[in-house]
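J.: What follows is a predicted structure for the sequence shown.
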Amino acid sequence: MKKILAFLGLALLLLIAVVLARTALVKSRQIQAAPVTDLTVDVRGAAERLAGALRFVTVSHEAGANVEAAAFQGLHQYLEQSFPKVHATLTREPVAEHSLLYTWKGRNPGLPPLLLMSHQDVVPVEPGTEKDWTHPPFSGFIDGQFVWGRGALDDKAGVLAILEAAETLLSRGFQPERTVYFAFGHDEEVGGRRGAAALAALLAQRGVRPEFILDEGGAILDGMIPGIERPVAMVGTAEKGSLSVELTAESAGGHSSMPPPHGAIGRLAAAIEALEDHPMPARIAGATQRSFEYLAPEMPFGQRLVLANLWLFGPLAERQFASDPAGNARIRTTTAATIFQGGVKENVLPHRARAVVNFRILPGDSIAGVIQHVRDTVGPDVKLAWGGSRLATEPSGESDTGAPPFALIQKTLAQVVPGIVVSPNLLSGGTDTKHYVRLSRNIYRFAPIRMKEGDLGRLHGTNERVGIESYAEAVRFFEQLLRNAAGA
Ligand SMILES: [Zn+2]
């Protein structure tokens, strides 16, 4: 007995020693760089140029057919007037009608080029919510602190900040060493199947192989990561896939006075509930795990201890993450029932009920795996359909955080936002980069815009706005990125 106790005591001591050693061995992965002081941004003018762009109603409609052609043409003309040096120096080509490809020729054609992406389209304003906006969604209102309007965050700020940075650099005589491309799609919000797909195909056809691609995705989070007070730049190094599965249940129909125990609606409801009750398994891996390697060293001891010892605390951490929707989305393929239809009259049993469930697929899982999971979970008498006009994408691969472009983005951020923490991240949403995966191994998804608690609801929601200072910071980031990546 004594021997056993002694052995257990020793084992416990050993365990504690290992946990503490692992915690102590966690080293910061941040890059130190002196702040740059010679970046110039016309803060007020930049905000006004952005505000002007928000007034063009470049909305992407789900149907895809009725593209707001006049709005896109208006925006293109407006960009030409607002950034004269860019349009005098770079070549601009319309692609798939409303997407834009800018080429800024480098002095050294032997160097692999650089590709910066954003999108010009925005999501519609949900009917009935217009009056909830403090300033009308397409007014491009500036209140002295913020620029208000649809697209202020997602993603006209990206388009305009890139052009603003190029215009500023051109006015200072900057010439890139390597060729720089700007690709601005026009249908990202409905999957990018026309714009981004055509842009990527054109670049591929020309043999363009970018050193790296930077698109929207992550942001600078201000006070949103527990335990870290400094701003944190979440740079997307992977993104989840997406699959919508249609479920249909059928039954005999007839008069509601003599119903069977379970009709089409009941069986479909049971299938949805089964899917919600049996989510795909959780796992801390890939870009999510990588983000802990970057964030843990910047956290207080307790959090650092847990994240440095996931071999021991993994199940605990998974439970913790699963308890909140944002955390849950980082560790598993999520299940979201988004459409449920059936029945037309109160006293008629419907023949058919239909639902759509949208899955966001964790890297490591796959479309085929999700379909198998749905089949196994809902049973044989619910029919499944997928594909067709519905967008289905496999999860992306993971971009290397050890590759030089990641360090370059890290350094640029350290130079422009002193004290910032930079972390790789898994994006739970999708971007246009899914069409570009064949062009470069180094794809990063990040827009240098500050987000505070509550701002996430403004994305695709009401009262979208960007801080004037935050926008100026984004312009400085792109200026410095271009100097670091394409300067002499
Ligand atoms: Zn976007």
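T.: Structure received.
J.: so where do the strands sit in the stretch 151-300 of the chain?
T.: When secondary structure is read from DSSP state E, counting those that start in this stretch, the stretch 151-300 of the chain shows strands at 180-185, 212-222, 232-239, 241-250, 254-255.
J.: For the ion, find the nearest of those strands.
T.: Each of these was checked against the ion via C-beta to the ion, and the shortest separation belongs to strand 212-222, namely 5.0 Å. Every residue, glycine included, has its C-beta placed from N, CA and C.
J.: by contact count, what packs against that closest one?
T.: Other elements packing on strand 212-222 under the criterion 3 or more C-beta pairs under 8 Å, 6 or more residues apart in numbering; DSSP states H and E are strand 114-119, strand 232-239, helix 404-416, strand 421-427, strand 443-452, helix 468-486.
J.: that older thread, out of the strands of the stretch 151-300 of the chain, which is closest to residue 358?
T.: strand 241-250 (4.9 Å; C-beta to C-beta).
J.: For that closest one, which helices and strands make contact with it?
T.: Contact analysis of strand 241-250 by 3+ C-beta pairs under 8 Å, 6+ apart lists helix 264-277, strand 352-361, helix 367-378, strand 383-385 as its packing neighbours.
J.: need those in JSON lines with mean neighbour count, can you?
T.: Formatted as JSON lines, those follow (neighbours: other C-beta atoms under 10 Å):
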{"stretch": "helix 264-277", "mean neighbour count": "18"}
{"stretch": "strand 352-361", "mean neighbour count": "21"}
{"stretch": "helix 367-378", "mean neighbour count": "17"}
{"stretch": "strand 383-385", "mean neighbour count": "13"}
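J.: for those, which one sits closest to residue 474?
T.: Going through the helices and strands packed on strand 241-250 one by one, with C-beta to C-beta as the measure, strand 352-361 comes closest at 26.7 Å.
J.: buried stuff in the helix or strand hosting residue 79?
T.: With elements taken from DSSP states H and E, the one containing residue 79 is helix 69-82. Going by neighbour count (16 or more other C-beta atoms under 10 Å), the buried part of helix 69-82 is 71-72, 74-76, 79, 82.
J.: what's the burial count for residue 117?
T.: Each residue near residue 117 was counted by other C-beta atoms under 10 Å, and the total is 29.
J.: can you list the residues of the stretch 151-300 of the chain near the ion?
T.: 154-155, 216 (C-beta under 5 Å from the ion).
J.: Spit out the contact partners of residue 28.
T.: For residue 28, the set of contacting residues under the criterion of C-beta atoms under 8 Å, 6 or more residues apart in numbering consists of 297-298.
J.: That one - that's part of a strand, no?
T.: No - secondary structure assignment places residue 28 outside any strand; it is coil (DSSP: H, G, I helix; E, B strand; the rest coil).
J.: Give me the phi and psi angles of the residue lying closest to residue 306 once chain neighbours are set aside.
T.: Computed as C-beta to C-beta, 6 or more residues apart in numbering, the closest residue to residue 306 that is not its neighbour in sequence is residue 313, at 4.7 Å. For residue 313, the backbone dihedrals (degrees, to the nearest 10) come out as phi -100, psi 10.
J.: I'd like the mean pLDDT over the longest helix seen in the chain, please.
T.: As far as residue count goes, and with DSSP state H defining each element, the longest helix of the chain is helix 2-24. When pLDDT is averaged over helix 2-24, the result is 88.
J.: what comes up buried for that helix?
T.: Of the residues in helix 2-24, those buried by neighbour count under the rule 16+ other C-beta under 10 Å are 19, 22-23.
J.: And for stretch 108-116?
T.: Residues 113-116 are the ones in stretch 108-116 that count as buried (16+ other C-beta under 10 Å).
J.: on that earlier part again, give the other helices and strands that the helix holding residue 79 contacts.
T.: With contacts defined as 3+ C-beta pairs under 8 Å, 6+ apart, the packing partners of helix 69-82 are helix 43-54, helix 156-171.
J.: let's see it at 7 Å
T.: helix 43-54 (3 or more C-beta pairs under 7 Å, 6 or more residues apart in numbering; DSSP states H and E).
J.: Show me what the helix it packs on is in contact with.
T.: 75, 78, 82, 138, 140, 142, 147, 149-152, 156-157, 160, 164, 468, 471-472, 475 (C-beta atoms under 7 Å, 6 or more residues apart in numbering).
J.: re earlier: pipe the helices and strands packed on strand 241-250 into JSON lines and attach mean pLDDT per row.
T.: Formatted as JSON lines, the helices and strands packed on strand 241-250 follow (pLDDT from 0 to 100):
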{"stretch": "helix 264-277", "mean pLDDT": "96"}
{"stretch": "strand 352-361", "mean pLDDT": "96"}
{"stretch": "helix 367-378", "mean pLDDT": "96"}
{"stretch": "strand 383-385", "mean pLDDT": "96"}
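J.: follow-up on the earlier one: export the buried residues of helix 69-82 as TSV, with columns for distance to the ion and pLDDT.
T.: As requested, the buried residues of helix 69-82 are arranged in TSV below (distance: C-beta to the ion, whole Å; pLDDT from 0 to 100):
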residue	distance to the ion	pLDDT
71	17	96
72	16	97
74	20	97
75	16	98
76	19	98
79	18	98
82	21	98
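J.: Neighbours of the residue nearest to residue 143 when sequence neighbours are not counted, how many?
T.: Taking C-beta to C-beta, 6+ apart, and ignoring the residues beside it in sequence, residue 143 has residue 135 as its nearest neighbour in space, at 7.3 Å. Per other C-beta under 10 Å, the neighbour tally for residue 135 reads 16.
J.: same question, residue 103
T.: 18.
J.: Residue ranges in the protein under the pLDDT threshold?
T.: For the chain, the stretches with pLDDT under 70 are 63-66, 389-390.
J.: Show the backbone phi and psi for whichever residue of the stretch 351-488 of the chain sits closest to the ion.
T.: Nearest residue of the stretch 351-488 of the chain to the ion (C-beta to the ion) works out as residue 431 at 6.9 Å. Torsion angles at residue 431 (phi, psi; degrees, to the nearest 10) stand at phi -130, psi 170.
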